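1. kindly return the folded structure for what I paste below:
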Amino acid sequence: MNRDVGILINSHINGNTALEWLLKSMNDVKLRILVVIGGAKENICCKHVNNNVYKCYVKHNSIDMTGMICLLENNREIEQIMNGLPKRWFYIHDTCEITDRDLFVRRCIETKETTRLVTKRPSMNIGMYSYEDILRTKEMILKKKSKEKNMTRQEIEEQKKDVIRCEDMLFKKLMIKSGMSEVETLQEKFVYPSSNVQRIIEVYKDVGLKKYKANYCGLGGKVILDN
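-> Numbers count the residues shown, from 1 in each chain. Now for the predicted structure:
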């Protein structure tokens, strides 16, 4: 088990289908995995689920930044439960799938510094982050924390639009230009079981990763509220 690198999964209480899809694809991945689930009824941070998987539940739903906010606000407890914090975190959304576990782990271990997922288009905040860089940008991250009580549909939509505007904000702040992979968009669409939301499939073959992407129209298009 490599202890220098951890996987930080950004999830939501209504995204269980996607989360389980991702976790199934990560079986036998020899890295510690921290799942942060936003929009929960109560804050539960942090518990060891099994083997190398840990979960935190938080009330706020801060979209792309939920996981990092939880890590920053609960770092001491997480460090204690995980018996030490990784020096680097690969930050990923629950709407992803690992397609080549060996390649994924190798690339995570080899990537020593903060690095975007891809260079020629936005990385959706996905990529490798050194823990030092996360701490360095703490103030910026915590400003993206949402309120914990129920938000209206309009507030959620405005929040998601703000996330699109602030995509890759830490990479931009840190002036990170290097990327981990090329990307290919497939022609076919993907739909999770028990969902009616069609998602495009982006393949990051140099990392062994797929992203099932719903918010692919940018600010000029639709904002998907389904997780």
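
2. which other residues reach stretch 138-146?
-> 60-65, 68-69, 72-73, 134, 159, 166, 169-170, 173 (C-beta atoms under 8 Å, 6 or more residues apart in numbering). Backbone N, C-alpha and C define where each C-beta goes, glycine included.

3. only whichever of the residues you listed are buried, select them in PyMOL.
-> Applying 16 or more other C-beta atoms under 10 Å to the contacts of stretch 138-146 leaves a buried subset, and the PyMOL line that selects it is:
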select buried, resi 60+61+62+63+64+65+68+69+72+73+134+159+166+169+170
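
4. show me the contacts of stretch 138-146 that map onto helices.
-> 68, 69, 72, 73, 134, 159, 169, 170, 173 (DSSP state H).

5. for those, work out which two are farthest apart.
-> 134 and 159 (21.2 Å; C-beta to C-beta).

6. in the helix or strand of the chain with the lowest mean pLDDT, which residues are buried?
-> Using mean pLDDT, DSSP states H and E, helix 153-165 stands out as the lowest-scoring helix or strand of the chain, at a mean of 75. Neighbour-count burial for helix 153-165 flags 156, 159, 160, 163, 164 (criterion: 16+ other C-beta under 10 Å).

7. isn't the fourth one up against residue 63?
-> It refers to residue 163. Yes: contact criterion C-beta atoms under 8 Å: residue 163 and residue 63 qualify, at 4.6 Å.

8. who touches both of the two?
-> Common neighbours of residue 163 and residue 63 (C-beta under 8 Å, 6+ apart) do not exist.

9. CA atoms only: put stretch 157-177 into PDB for me.
-> Presented in PDB, the C-alpha positions along stretch 157-177 are these (Å, rounded to 0.1, in the frame of the first residue of the first chain):
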ATOM      1  CA  GLU A 157     -28.400  26.200 -10.200                       C
ATOM      2  CA  GLU A 158     -26.600  29.500  -9.500                       C
ATOM      3  CA  GLN A 159     -24.000  27.600  -7.500                       C
ATOM      4  CA  LYS A 160     -23.400  25.200 -10.300                       C
ATOM      5  CA  LYS A 161     -23.000  28.000 -12.700                       C
ATOM      6  CA  ASP A 162     -20.400  29.500 -10.400                       C
ATOM      7  CA  VAL A 163     -18.600  26.200 -10.300                       C
ATOM      8  CA  ILE A 164     -18.400  26.300 -14.100                       C
ATOM      9  CA  ARG A 165     -17.000  29.800 -14.000                       C
ATOM     10  CA  CYS A 166     -14.500  28.800 -11.300                       C
ATOM     11  CA  GLU A 167     -13.400  25.500 -13.000                       C
ATOM     12  CA  ASP A 168      -9.800  24.600 -12.400                       C
ATOM     13  CA  MET A 169      -9.500  27.600 -10.000                       C
ATOM     14  CA  LEU A 170      -6.600  26.100  -8.000                       C
ATOM     15  CA  PHE A 171      -4.700  25.100 -11.100                       C
ATOM     16  CA  LYS A 172      -5.100  28.600 -12.400                       C
ATOM     17  CA  LYS A 173      -4.100  30.100  -9.000                       C
ATOM     18  CA  LEU A 174      -1.000  27.900  -8.800                       C
ATOM     19  CA  MET A 175      -0.300  28.500 -12.600                       C
ATOM     20  CA  ILE A 176      -0.200  24.800 -13.300                       C
ATOM     21  CA  LYS A 177       0.000  24.000 -17.000                       C
END
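
10. return the distance of that stretch from the chain's centre.
-> 13 Å (C-alpha atoms, centre = their mean, to the nearest Å).

11. for the residue nearest to residue 87 when sequence neighbours are not counted, give me its contacts.
-> Excluding the flanking residues, the one nearest residue 87 by C-beta to C-beta, 6 or more residues apart in numbering is residue 4, at 4.9 Å. Neighbour list for residue 4: 86, 87, 88, 109 [criterion: C-beta under 8 Å, 6+ apart].
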